[in-house]
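# The following block contains a protein sequence and its predicted model.
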Amino acid sequence: MTFDFESLPPSHRYRILASLVTPRPIAWVTTVDSEGRPNAAPFSFFNVFGSNPPLVAFAPGNKDRHTPKDTARNIRTNREFVIHLVDEPLGEAMVATAATLPHGENELAHLQVTTRPGDKVAPPRIIEAPVALECTEHSTLEIGTNRLIIGIVHLAHVRDGMMDENGYLKEGTYAPLARMASPDWYARTTDQFEIPRPD
């Protein structure tokens, strides 16, 4: 099969790309609006892109053709966010925050999660998440109707016992969920194996 993206509508392109470019890590992003009200939403067009400075990027779409999602609006206002990585016990809570709610309504308020203020940024972090990255916006690129938010990581909160003193993961301590085919498929990362790199 061959798909000519120039002849397909954006929604069809999205389904193809989101189903084939997998597994993808999930950024569960918290922000606050101009009144300090928290927002949480998941994004799987996400990854890490550098270490000097430490860069992450994710792509929040629009609510409709012209209205940015609350996450993008809040970052445009405050330039701060926290990215959480999600393991299986948090999967249902993460998916629940994908619901479309009125602006200013806190997605986390009805979930069994605990939040704490960020150490270096205003948005809260979710304590149960195995990893939380406190970030500030470096820049936002708008290409067509795509929006790519690039952030600088200032602080990483890591669940106790996951890493050694050199910053290496301890085997078997971290199994984040991965995003698979659209609309509702995910993958576990518990079946991991090593392939040694050449010298």
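Structure received.

# quick one: the helices in this protein?
10-20, 70-78, 91-96 (DSSP state H).

# what would the ones you listed look like in JSON lines with mean pLDDT?
Converted to JSON lines, those look like this (pLDDT from 0 to 100):
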{"stretch": "helix 10-20", "mean pLDDT": "93"}
{"stretch": "helix 70-78", "mean pLDDT": "96"}
{"stretch": "helix 91-96", "mean pLDDT": "97"}
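
# Count the residues that sit near Ile149.
By other Cβ atoms under 10 Å, the residues close to Ile149 number 25. For every residue, glycine as well, the C-beta is placed using N, CA and C.

# Next: Ser11.
Residues near Ser11, counting by other Cβ under 10 Å: 7.

# which ones are touching the residue lying closest to Glu134 once chain neighbours are set aside?
Among residues not flanking Glu134 along the chain, Leu155 sits closest, at 4.2 Å (Cβ to Cβ, 6 or more residues apart in numbering). Contacts for Leu155 (Cβ atoms under 8 Å, 6 or more residues apart in numbering) come out as 118-120, 133-134.

# Just the buried subset of those residues, please.
Neighbour-count burial within the contacts of Leu155 applies to 118, 133-134; the criterion is 16 or more other Cβ atoms under 10 Å.

# what's the closest of these to Arg147?
Distances from Arg147 to these, taken as Cβ to Cβ, are shortest for Leu133 (19.1 Å).

# unless I'm mixing things up, the closest one is touching Phe58, no?
No. Taking contacts as Cβ atoms under 8 Å, Leu133 lies outside contact range of Phe58: 10.9 Å.

# all strands for this protein, in order.
Here the chain has its strands, by DSSP state E, at 24-25, 27-32, 38-43, 46-51, 54-58, 80-85, 115-117, 124-126, 131-143, 146-158, 178-179, 186-187.

# report the angle between the axes of the third one and strand 146-158?
I take that to be strand 38-43. Interaxial angle of strand 38-43 relative to strand 146-158 (axes from the mean of the first three to the mean of the last three Cα atoms, to 10 degrees): 110 degrees.
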